[in-house]
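[1] Compute the structure for the input listed below.
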Amino acid sequence: MNFEALVKHISTIQNTLQAQAAHAVNLALTSRNWLMGCYIVEFEQNGEDRAAYGEQLLKKLEQRLKTKGLNERRFREFRRLYLVYPQLKEQVLHYIMAGNEIRHTLSAEFTEPIRHSVCAELQTSEIQY
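    Coordinates of the predicted model:
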């Protein structure tokens, strides 16, 4: 192998794997954002504390979570993503089911989902590969 071939191989590896990494991050963030929007909408529509929170829900979430990048504006965007793109359900479900770690976390954390909601369906749906 000569130097030019080495440069070409290194460049190909860099470009290909960097694109794959960016795609994986995009899938993960889109799934996260859609799911957060799903749970926010579910809570707003069926939550027991709905009346108490009112318009303050997203602000209270921000204050309680204290996570960089998760603020009232972002939660509003997540809610809008879920409402505008309900058809992402199957893709998000597929992504979650492919990742054992997140599937087990969601299953354990949300053992009593609200019946007939989209988020509850996410937990009970099965994917056909």
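
[2] May I have the one helix or strand Y95 maps to as PDB, with CA atoms only?
    Assessed by DSSP states H and E, Y95 sits inside helix 89-98. Backbone C-alpha positions of helix 89-98 (Å, rounded to 0.1, in the frame of the first residue of the first chain) are rendered in PDB as follows:
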ATOM      1  CA  LYS A  89     -44.700   6.000  16.600                       C
ATOM      2  CA  GLU A  90     -43.700   2.900  14.700                       C
ATOM      3  CA  GLN A  91     -40.100   4.200  14.100                       C
ATOM      4  CA  VAL A  92     -39.700   5.200  17.700                       C
ATOM      5  CA  LEU A  93     -41.000   1.900  18.900                       C
ATOM      6  CA  HIS A  94     -38.700   0.000  16.600                       C
ATOM      7  CA  TYR A  95     -35.700   2.100  17.800                       C
ATOM      8  CA  ILE A  96     -36.600   1.500  21.500                       C
ATOM      9  CA  MET A  97     -37.200  -2.200  21.000                       C
ATOM     10  CA  ALA A  98     -33.900  -2.600  19.300                       C
END
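
[3] Give me the packing partners of that helix, helices and strands only.
    Contact partners of helix 89-98 among helices and strands, from 3 or more Cβ pairs under 8 Å, 6 or more residues apart in numbering; DSSP states H and E: helix 3-46, helix 100-109, helix 118-124. Just so you know, the C-beta spots here come from the backbone N, C-alpha and C atoms, and that holds for glycine as well.

[4] Would you mind putting the ones you listed into TSV with distance to K60, mean neighbour count and mean pLDDT alongside?
    Below are these laid out as TSV (distance: least, Cβ to Cβ, whole Å; neighbours: other Cβ atoms under 10 Å; pLDDT from 0 to 100):
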stretch	distance to K60	mean neighbour count	mean pLDDT
helix 3-46	11	13	95
helix 100-109	19	11	56
helix 118-124	19	16	58
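
[5] Quick one: closest of the ones you listed to R73.
    Closest approach to R73 among the helices and strands packed on helix 89-98 is made by helix 3-46 (12.6 Å; Cβ to Cβ).
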